[in-house]
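Participant: A predicted structure for the sequence below; I have some questions about it.
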Amino acid sequence: MDFEVLKKLIKLAKDEGVNGLSVEEKGVKYEVDLAGGPSVPSPAPIPHPIPHATHPTPAPVSEEDGLVAISSPMVGTFYRAPSPEAAPFVQPGDEIEPGKVVCIVEAMKLFNEIEAEVRGKIVKVLAENGKPVEYGQKLFLVKKA
């Protein structure tokens, strides 16, 4: 458990005037309860200064095929392009590298660019444009290079 993260969450809850929140990251669940009652799950990523640790590790899909999934780091709305009239960030067949923006997930009116963490080729888009996604939901399948 990272006590610095916990202290930042407590400060965030106090500053935002909420009684509690719950955040789960990489199998560690942080709960802050300032009112002595049940906490409310946080629907969005915790804003900085918490380090850039909101992205789940790419999940292996089929090791013999070399496929990994790019998953949603938060609950929100999935968008394939930066605007309705723009081309998608990536299409099946596109080569990607770590740091390449592959989509946007909107959470609480914040547009969060989701970046690839692997080098490879987009095989399939799994999420539907403009539709809600859950934390950890697979968005793309990638054949690792």
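Facilitator: Sure thing, it's come through. Numbering: from 1, shown residues only.
Participant: who are the neighbours in contact with G99?
Facilitator: Taking C-beta atoms under 8 Å, 6 or more residues apart in numbering, we find G99 in contact with E115, A116. All C-beta spots, glycine's among them, are computed from the backbone N, C-alpha and C.
Participant: Got phi/psi on it?
Facilitator: Main-chain torsions, G99, degrees, to the nearest 10: phi 100, psi -10.
Participant: Distance of it relative to V90?
Facilitator: Going from G99 to V90 by C-beta to C-beta, to the nearest Å gives 13 Å.
Participant: what do the two both touch?
Facilitator: Residues touching both G99 and V90 (C-beta under 8 Å, 6+ apart): none.
Participant: And the strands in the chain?
Facilitator: 20-25, 28-33, 59-62, 67-71, 76-79, 95-96, 101-107, 110-115, 120-125, 132-133, 138-144 (DSSP state E).
Participant: show me where pLDDT drops low in the chain?
Facilitator: By pLDDT under 70, the weakly predicted segments of the chain are 1-3, 5-6, 25-28, 30, 35-65.
Participant: The same query, at a cut-off of 80, please.
Facilitator: Under the criterion of pLDDT under 80, the regions of the chain flagged as low confidence span 1-66.
Participant: sorry, back to before: of all the strands of the chain, which one is nearest E4?
Facilitator: Nearest to E4 among the strands of the chain is strand 28-33 (11.2 Å), distances taken as C-beta to C-beta.
Participant: Which of the strands of the chain has the highest mean neighbour count?
Facilitator: strand 67-71 (a mean of 23; mean count of other C-beta atoms under 10 Å).
Participant: Adjacent strands (with direction) for it?
Facilitator: The pairing partners recorded for strand 67-71 under DSSP bridges are strand 59-62 (antiparallel), strand 138-144 (antiparallel).
Participant: Could you check the angle it makes with strand 110-115?
Facilitator: Here strand 67-71 runs at an angle of 160 degrees relative to strand 110-115 (axes from the mean of the first three to the mean of the last three C-alpha atoms, to 10 degrees).
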